[in-house]
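Undergrad: I would like to see how this sequence folds:
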Amino acid sequence: MKFKFKPKQNTTYSDVRIDLENLKKATINEIPLNHLRKICRFIGVEEIKATGSSVRFTHRTLQQHPYYRGFFQIHKIHKGGDQELVRKNDYKKYFYPAVLVILDTLENE
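TA: Model (predicted):
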């Protein structure tokens with residue numbers, strides 16, 4: 001699967017949702033972290049400092065959310081060099097639901 005999320009002026013939140021759904025359905029075990037970072041930048045999610053091999057994200061819509069309490073995080077794995085990946089299970093369990101909450105909130109504003 002090619003990981004090419006290139007937002008343009010006409011890119012919508014539904015395009016992001018489709019891309020996230022395609023990642024969830026893909027027959028791969030690991031997803032490049034840079035691809036997820038591009039999606040996050042597009043919807044206004046900021047990466048905040050975390051320790052070790054975790055990557056922590058925050059968004060203003062998660063500040064009042066009872067489950068996320070302002071942020072969510074995922075575990076990254078290193079495959080040598082500068083290649084950072086996220087396991088698909090972590091993506092489906094932690095990243096995907098949090099970004100859907102953000103997208104739902106943004107679409108309803």
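
Undergrad: show me the shaky parts of this structure.
TA: Within the chain, the ranges that satisfy pLDDT under 70 run 1-3.

Undergrad: what helices or strands is the longest strand that the chain contains leaning on?
TA: As assigned by DSSP state E, the longest strand anywhere in the chain is strand 71-78. When contacts are defined as 3 or more C-beta pairs under 8 Å, 6 or more residues apart in numbering; DSSP states H and E, strand 71-78 packs onto strand 54-58, strand 84-87. Quick note: C-beta positions are derived from backbone N, CA and C, even for glycine.

Undergrad: which residues touch it?
TA: Strand 71-78 is contacted by residues 30, 33, 36, 48, 50, 53-58, 62, 84-87, 90-91, 94-95, 98 when judged by C-beta atoms under 8 Å, 6 or more residues apart in numbering.

Undergrad: also stretch 25-34?
TA: Looking at what lies outside stretch 25-34 - C-beta under 8 Å, 6+ apart - the contacts are 1, 3, 23, 55, 76-77, 79, 83-88, 91.

Undergrad: show me where the protein has its helices.
TA: Residue ranges of the helices in the chain, as given by DSSP state H, are 13-25, 33-43, 88-90, 96-108.

Undergrad: centre-most residue in the chain?
TA: For the chain, the residue nearest the mean C-alpha position is residue 36 (4.5 Å; C-alpha atoms, centre = their mean).

Undergrad: what's the neighbour count on residue 6?
TA: Around residue 6 there are 7 other residues, counting by other C-beta atoms under 10 Å.

Undergrad: give me the beta-bridge partners of residue 47?
TA: residue 57 (DSSP bridges).
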